[in-house]
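Provided below for reference: sequence and predicted model.
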Amino acid sequence: MVPQVLGTITATFPARDRPRAIAWFGVTGGVAAVSGQVFGGWLVGADVLGLGWRAIFLVNVPIGLLAALAAWRVLEHRAAQSGAPRARLDIPGAAGVTASLALVLVPLALGRTTGWPAWIWACMACGLAAAGLTGYWQRTLRRRGGQPVLETTLFRLPTYAAGAGASVAFLVYFASFMFTLTLMLQGGFGLSPFRAGLAFAPMGVMFSITALLGRPLVARYGQRVVGVGCVIIAAGLILFTVHPGLALVIAAAGMVGTGNGLVLPQLVGTALTQVPSAEAGVGSGMLTTAQQFAGSAGVTLIGTVFFSVLGTDDYAGAARATAIMYLALIALVAALVALIAVRVREAPGSTAVHRDRPARPAAQRSRVPAQAGDSPRRHHRSAMHN
């Protein structure tokens, strides 16, 4: 379901309004990830119906029902108005992607607790083989004039390839950081699930503030804002490398949340900078699929390192070891975003937004940053008609 959300945004919003919608998508996802820690901690502590931690799965029931009702009332109505032809589903491709991810992620999740038996490695090898076969099918389907579920040609765009790499690196860090911080708060400081969740509140508040400020700042200062966000994240992570007390950990998490809010909502839009509007939907869907895989793999791999260090050291030592890994990932994100900024400067006027409208005079372009988008009040009516 997750890739369909961003794919729907890019398919239904006009190009001039799309950057703002994508920014709000990033804000919503980040705030939800942090606030879920608080609500999840309360839910586990409440022991609803005696289910313990299993009650967290019940949250999906009302949310799923509301989402289904909203999709039925909104998405179908918009599709009927657009008059666009119905897409042909690539069922073999979707099945291949699903099987490839499952054959890699499930063994990674179970490997540490089962002692990494032979079947774990066999499953992951089968996953890589399935990924290769799926890629071959996608290329074959495209040559036949079909509609593959993966538009692999987008990776020929340097900005998309670098943006996808930055998104993957960031989600490996982000998901595993949330996981290991929870372990540290509960195991290292002895907090209850609810109190550990409350410790994430400053992080969530700071993320919300900087995420809302991020888009106008990027519109004015460009990708330097993302670089600043990476520096703030790195400063917060460095605090985890010292012997931390609880107050210092919460303060460091707040700094990390401040930087996350400047980085995470911008990554998807940055990757789609030079993607044509006709392919923005599948491009964004591929990005979110890669992000989901990266988050799951990050929790598993870095979580394994955390527990391995914990076996010979304390929670502070495990936090230091993982913080070093997070710093390397953030440095990679900053480098890839800088590469995208260079590529965009070398090819002015090639952004996806500019593909949907005639080129403006140079004097006008100099007054409006290339990635700032256009004023919704100024262009919304004409964009909707187009």
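All right, it came through fine.

off-centre distance for the helix or strand harbouring G45?
Assigned by DSSP states H and E, G45 belongs to helix 18-46. Averaging C-alpha positions (Cα atoms, centre = their mean, to the nearest Å) puts helix 18-46 12 Å from its chain's average.

now the element after that helix, going C-ward?
Reading on from helix 18-46 to the C-terminus, the next helix or strand found by DSSP H and E is helix 60-70.

check what pLDDT the residue nearest to F155 when sequence neighbours are not counted gets.
Counting by Cβ to Cβ, 6 or more residues apart in numbering, the nearest residue to F155 once its immediate chain neighbours are dropped is A161, at 4.8 Å. Where C-beta positions appear, they are placed from N, C-alpha and C, glycine not excepted. At A161 the predicted local confidence, pLDDT, stands at 90.

separation between A161 and L154?
Using Cβ to Cβ, to the nearest Å, one gets 8 Å for the distance from A161 to L154.

what's the domain layout of this protein?
Structural domains annotated on the chain: 2-46+154-355, 91-148, as defined by automatic domain parsing.

dump those into JSON lines; add mean neighbour count and distance to A68 as well.
Converted to JSON lines, these look like this (neighbours: other Cβ atoms under 10 Å; distance: least, Cβ to Cβ, whole Å):
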{"stretch": "domain 2-46+154-355", "mean neighbour count": "20", "distance to A68": "12"}
{"stretch": "domain 91-148", "mean neighbour count": "15", "distance to A68": "20"}
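
quick one: those domains as TSV, columns for distance to A55 too.
Formatted as TSV, the domains of the chain follow (distance: least, Cβ to Cβ, whole Å):
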stretch	distance to A55
domain 2-46+154-355	5
domain 91-148	21
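
where among these is the average confidence lowest?
Of all the domains of the chain, the minimum mean pLDDT falls on domain 2-46+154-355 (a mean of 83).

right, and the domains of the chain - which one's nearest L58?
For the domains of the chain, distance to L58 was read as Cβ to Cβ. The smallest value, 8.4 Å, belongs to domain 2-46+154-355.

next structured bit after the strand or helix carrying F293?
Using DSSP H and E, F293 sits in helix 280-310. Using DSSP H and E, the next helix or strand after helix 280-310 towards the C-terminus is helix 315-346.

related to what we said a few turns ago, which secondary structure elements does the helix holding G45 contact?
Counting contacts by 3 or more Cβ pairs under 8 Å, 6 or more residues apart in numbering; DSSP states H and E, helix 18-46 is packed against helix 2-12, helix 158-183, helix 193-198, helix 201-221, helix 246-271.

I'd like the ones you listed laid out as CSV, including distance to R142.
What follows is the helices and strands packed on helix 18-46, written out as CSV (distance: least, Cβ to Cβ, whole Å):
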stretch, distance to R142
helix 2-12, 18
helix 158-183, 17
helix 193-198, 46
helix 201-221, 34
helix 246-271, 21
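
to A95, which of these lies closest?
When the helices and strands packed on helix 18-46 are compared by Cβ to Cβ, helix 2-12 sits nearest A95, at 14.9 Å.

tilt between that closest one and helix 18-46?
With axes from the mean of the first three to the mean of the last three Cα atoms, to 10 degrees as the basis, helix 2-12 and helix 18-46 are set at 150 degrees to each other.
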